[in-house]
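**Student:** Any chance you can model this:
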Amino acid sequence: MANAAKTARLEARITARQKRLFTEAADLFGETLSEFVMRAAEARANMAIVEENLSRLTDRDRAALIDALANPPRPNKALRRAYREYRAKFD
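**Tutor:** Just a heads-up that it's a prediction; the model follows:
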């Protein structure tokens, strides 16, 4: 993305306190104010998208779990054998 042409513009109104805060933080990273704000905004945007995708995945997983609990598959041969071995060991 660093090599992409920067043709779009973003403007924001901020307080004097916010500008001082952001400028001080940008200086700590050796960045311009614009570089710092864009890096921070991009990082937060990526985090928000990842969190949203994880919550969707969780919803799908939850639905699959509920379906598996409501409609469990029949035990296969290996599971029946493991159950017999377990019972023999602890009975």
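
**Student:** Please identify the helix or strand for residue 18.
**Tutor:** Under the criterion of DSSP states H and E, residue 18 resides in helix 16-29.

**Student:** Next secondary structure element downstream of that helix?
**Tutor:** helix 33-70.

**Student:** where does residue 12 fall, helix, sheet strand or coil?
**Tutor:** What DSSP: H, G, I helix; E, B strand; the rest coil gives for residue 12 is coil.

**Student:** I meant to write residue 84 there.
**Tutor:** Quick answer, by three-state DSSP: residue 84 is helix.

**Student:** buried residues in the helix-or-strand element of the chain with minimal mean pLDDT?
**Tutor:** Least confident helix or strand, the chain: helix 33-70 with a mean of 92, by mean pLDDT, DSSP states H and E. Neighbour-count burial for helix 33-70, counted by 16 or more other Cβ atoms under 10 Å, picks out 36-37. To be clear about C-beta, it is placed using only N, CA and C from the backbone, and glycine gets the same treatment.
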